[in-house]
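K.L.:
Just need the structure, nothing else, for what follows:
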Amino acid sequence: MNESQNIKSLSCELINNISVNKEIFCLDFIWKDEKPKAGQFFMVKPKQSTVFLARPISVALWESNTVKFLIARRGRGTQELAAMHPGEEAELTGPLGNAWESFLPKSGGKPVALVGGGIGIAPLVALIGGSSGHVFHFHAGFRTGLNTDEKIAALLETVFSGSHETTIATEDGKSGKRGLITDFLEPAKYAAVCACGPEPMLKAVAEKCKTAKVPCFVSTERRMACGVGACLGCTVKTINGNRRCCADGPIFNADEVIFDG
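P.N.:
As a prediction, the model looks like this:
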């Protein structure tokens, strides 16, 4: 069920655009309306745009009326966002979708594992910053080593600063441990596991958690047109039938999701 109670569509000023690497960039917009919850997303589109549809972007951080997005360059829509300059405006519609807080166990006891693959770390970062009383262990997986440029180092420090323990893995071994981040996840150590990233990673995390009998919750990603459930275009297959990623998710109990492959 969509937890958004006060969906707005506002013209918002961009105040910061940082290129993290060739694939990922970070945008900060002024957002003075309802504070988004960790796990929610916005539909984002530059005011000056050649594309018809906005792009769904998960919230990475919210502080002092500023919403931060980590975005991967994947097509014309995100390329337009990457080309924006501070002072320009984009249309932000949201906050949309459900939130992690509805799935988390009560605070105390075992820690909660957060497992992010690539840009999938974004909604998990928001969880660290927006949930008090839980101990989080962050597991972040990337294809290659992390750039050590000062601005990127500062961003990563912000990203992981709220985590009580962080494990980084890269497939080429240039940063952190060598291998897939799922290789280093031990679900039995945790009260629950929250994951976001490529579907093969989500499937692997879900299978490990099922074996260990540990609750697992996944934030899914689909192409979206409206973001509010009207177009029925962002289907997630579940044991209870097709669900809408935008309005019924994007977060689901992993036991309910039917993963492709």
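K.L.:
so which strand or helix has the spatially closest residue to E165 that is not a sequence neighbour?
P.N.:
Take E165 and drop its neighbours on the chain: the residue closest to it by Cβ to Cβ, 6 or more residues apart in numbering is H137, 4.3 Å away. All C-beta spots, glycine's among them, are computed from the backbone N, C-alpha and C. H137 belongs to strand 136-142 when elements are defined using DSSP states H and E.
K.L.:
who touches that strand?
P.N.:
Contact with strand 136-142 is made by 111-118, 121, 124, 127-128, 160, 162-171, 175, 180-182, 184-185, 189-190, 197, 201, as judged by Cβ atoms under 8 Å, 6 or more residues apart in numbering.
K.L.:
for stretch 71-80, which positions count as buried?
P.N.:
By neighbour count on 16 or more other Cβ atoms under 10 Å, the buried set for stretch 71-80 is 71-73, 77-78, 80.
K.L.:
Pull the residues that contact that stretch.
P.N.:
By Cβ under 8 Å, 6+ apart, stretch 71-80 touches 22-27, 45-46, 49-51, 53-55, 57, 81-82, 118-119.
K.L.:
now do 7 Å
P.N.:
23-25, 27, 46, 49, 51, 55, 57, 81-82, 119 (Cβ atoms under 7 Å, 6 or more residues apart in numbering).
K.L.:
Only the buried subset of the residues you listed, as a ChimeraX command please.
P.N.:
With 16+ other Cβ under 10 Å as the criterion, this ChimeraX line picks the buried residues out of the contacts of stretch 71-80:
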select :24,25,27,46,55,57,81,82,119
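K.L.:
hmm, back to that, ok, the strand holding H137: who's next to it in the sheet?
P.N.:
Applying DSSP bridges to the sheet, strand 136-142 is found paired with strand 112-117 (parallel), strand 165-170 (parallel).
K.L.:
Could you save these as a markdown table and add columns showing mean pLDDT and distance to N240?
P.N.:
Listed next are the strands paired with strand 136-142 as a markdown table, based on pLDDT from 0 to 100; distance: least, Cβ to Cβ, whole Å:
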| stretch | mean pLDDT | distance to N240 |
| --- | --- | --- |
| strand 112-117 | 94 | 24 |
| strand 165-170 | 86 | 33 |
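K.L.:
just those strands: most buried one?
P.N.:
strand 112-117 (a mean of 26; mean count of other Cβ atoms under 10 Å).
K.L.:
Model confidence score at the closest residue in space to I30 that isn't next to it in sequence, please.
P.N.:
Excluding the flanking residues, the one nearest I30 by Cβ to Cβ, 6+ apart is E13, at 4.9 Å. E13 carries a pLDDT value of 98.
K.L.:
Just the buried residues of the helix or strand harbouring E13, please?
P.N.:
Using DSSP H and E, E13 maps to strand 8-19. For strand 8-19, a neighbour-count test (16+ other Cβ under 10 Å) marks 10, 12, 14, 17 as buried.
K.L.:
For G229, state which of the residues you listed is nearest.
P.N.:
Nearest to G229, judged by Cβ to Cβ, of these is L10 at 20.2 Å.
K.L.:
give the contact list for the closest residue to the closest one other than its chain neighbours.
P.N.:
Counting by Cβ to Cβ, 6+ apart, L10 lies nearest to L92, which is 5.7 Å off, once chain neighbours are set aside. Residues near L92 by Cβ under 7 Å, 6+ apart: 10, 12, 29, 31, 42, 44.
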